[in-house]
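Colleague: no sequence on this one, just coordinates:
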């Protein structure tokens, strides 16, 4: 199978040092590839269930179809599309003309699929589901990143992702210019409200963590008020997440901290107030909406006459 994509799955991604958490690099290519294969296998099993395409398999011969973006957007999801094609029919020839992270206007041809008609027809919905969903994530992220332009704030995702698609959705956030944030519970230590309640205080939670995790791991603490903010600073937090604070409180927190720790704003942030939040001086703005409140982009696959 010749499944090409100019520059490969990570062509639009770099690895800037953000100082965020213990793993500032992008979602690793290996994780994206593994997640793409797993997700594609599950999706095809849902659609075909071992029986195959009852309608499409009766059609013989070969054909060519074009992948078309029906609305303005940012491309993401080529890796799982290619994985689905490979699993379904290794002889399909899939060529993407644009790379993940590239913007395109409505009506743009994004790629071509050539091969057996039955294979193309069976691939269509599964492949487009990946492209539409993940391009939607990338497109929404671009809009939020643009709203924070001109400030020091970086827009980041959260762990509020679709089960089983985290690596793909976080990669899509990167394609839109955002940060993936921590990937899971294993790669960054964040103390949240339930941790604090479980052990009794922020100070105790940080103390326990400092004795148990490597010295290279940064500790983030979620706080809801200024009393907790001061406690987190005194206990040695590296990053403080300001949860559901309004713009006035966020600006006050920036003044209190005076650059001693990194500040992340989260909760209640949307397209209407993101720019104002960014102007408060916080370092990061994390938003679950990047992955859980996404409009899937309208992308189609249209058969075209062979030359």
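Modeller: Okay, I see it. Remember, it's a predicted structure, so these values are computed and weren't measured experimentally. Numbers count the residues shown, from 1 in each chain.
Colleague: CA atoms for contacts and neighbours, from now on please.
Modeller: Fine.
Colleague: Can you give the domain ranges for the protein?
Modeller: 3-141+294-304, 147-292 (automatic domain parsing).
Colleague: Mean pLDDT and mean neighbour count for those - can I get that in TSV?
Modeller: Listed next are the domains of the chain as TSV, based on pLDDT from 0 to 100; neighbours: other C-alpha atoms under 10 Å:
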stretch	mean pLDDT	mean neighbour count
domain 3-141+294-304	84	19
domain 147-292	95	19
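Colleague: Which parts of the stretch 51-200 of the chain are strands?
Modeller: For the stretch 51-200 of the chain, the strands identified by DSSP state E, counting those that start in this stretch occupy 62-69, 73-74, 93-96, 103-104, 108-116, 154-156, 189-191, in order along the chain.
Colleague: Dump the ones you listed to CSV, plus distance to residue 142.
Modeller: What follows is those, written out as CSV (distance: least, C-alpha to C-alpha, whole Å):
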stretch, distance to residue 142
strand 62-69, 17
strand 73-74, 8
strand 93-96, 21
strand 103-104, 10
strand 108-116, 18
strand 154-156, 10
strand 189-191, 26
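Colleague: for this structure, which helix is longest?
Modeller: As far as residue count goes, and with DSSP state H defining each element, the longest helix of the chain is helix 117-147.
Colleague: could you check the angle strand 62-69 makes with that one?
Modeller: Taking axes from the mean of the first three to the mean of the last three C-alpha atoms, to 10 degrees, one finds helix 117-147 and strand 62-69 inclined to each other by 10 degrees.
Colleague: how far is helix 117-147 from where the chain is centred?
Modeller: 12 Å (C-alpha atoms, centre = their mean, to the nearest Å).
Colleague: What of stretch 75-93?
Modeller: Here stretch 75-93 shows a centroid-to-chain-centroid distance of 19 Å under the convention C-alpha atoms, centre = their mean.
Colleague: which ones are touching the nearest residue to residue 127 once chain neighbours are set aside?
Modeller: Once flanking residues are discounted, residue 127 sits nearest to residue 81: 4.6 Å by C-alpha to C-alpha, 6 or more residues apart in numbering. Contacts for residue 81 (C-alpha atoms under 8 Å, 6 or more residues apart in numbering) come out as 40, 126, 127, 128, 130, 131.
Colleague: And residue 81, how far from residue 207?
Modeller: As judged by C-alpha to C-alpha, to the nearest Å, residue 81 and residue 207 stand 46 Å apart.
Colleague: cool, and residue 168?
Modeller: Note on residue 168: its distance to residue 207, by C-alpha to C-alpha, is 35 Å.
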